[in-house]
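Colleague: Need a 3D model of the sequence below.
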Amino acid sequence: MTLRTRFTESLKEAMRAKDMRAVSTIRMIMAGLKDRDIAARSRGVTDGIDEAEILSMMQGLIKQRTESAAMYDQGGRPELAQQEREEIGVIERFLPKQMSEEEATAAIDSIVAELEASSIKDMGRVMAELKARHAGQMDFAKAGGLVKARLSGK
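Modeller: Take a look at the predicted model:
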């Protein structure tokens, strides 16, 4: 089942269950997806963005909500921080299982060996390949640090 189909089915289920947090979050995801699809038309992509790009978009949504929740906590607005965390929970339902740090390190080592990457100059190629193969499965901010450490020999 594609992610697009899962969004539609989950929206119907949330509406039946009267889960308004899930309804609003899934609608927000679908609106973002529609915006990305429209933007992709200028690149010649007529049938919508692919699954990897959808997963990347969803990782971005989680990152935004995590940052917002932290800001709300600092600002003394725990009810809004809780709302952001609930939205993160809804978004995470659609993401594949996240890799552990050990699994991420193994994936990085494998790609570095495969691409014969030897210096920090190869970081872009390694990161591009990681994103292509493991979209939605790893935190690329953390992965970037791991790749940098691996390629700089630390």
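Colleague: How about the contacts made by V90?
Modeller: Going by Cβ atoms under 8 Å, 6 or more residues apart in numbering, V90 touches 21-22, 25-26. All C-beta atoms are positioned from the backbone trio N, CA, C, and that covers glycine.
Colleague: Could you measure from it over to A81?
Modeller: 15 Å (Cβ to Cβ, to the nearest Å).
Colleague: Greatest separation within the contacts of V90: which pair is it?
Modeller: Of all pairs drawn from these, the greatest distance, 9.6 Å, lies between R21 and I26 (Cβ to Cβ).
Colleague: Which pLDDT value goes with K12?
Modeller: pLDDT for K12: 97.
Colleague: what about it, distance to T5?
Modeller: Going from K12 to T5 by Cβ to Cβ gives 11 Å.
Colleague: Which one's more surrounded, those two?
Modeller: K12 (12 against 9; other Cβ atoms under 10 Å).
Colleague: three-state assignment of that one?
Modeller: Secondary structure, DSSP: H, G, I helix; E, B strand; the rest coil: K12 is helix.
Colleague: Check D47 too.
Modeller: Under three-state DSSP, D47 falls in the coil class.
Colleague: picking up where we left off before, so which of the contacts of V90 belong to helices?
Modeller: Those of the contacts of V90 mapping onto helices are 21-22, 25-26, per DSSP state H.
Colleague: List only those of the residues you listed flagged as buried.
Modeller: Buried subset of the ones in helices among the contacts of V90 (neighbour count, 16 or more other Cβ atoms under 10 Å): 22, 25-26.
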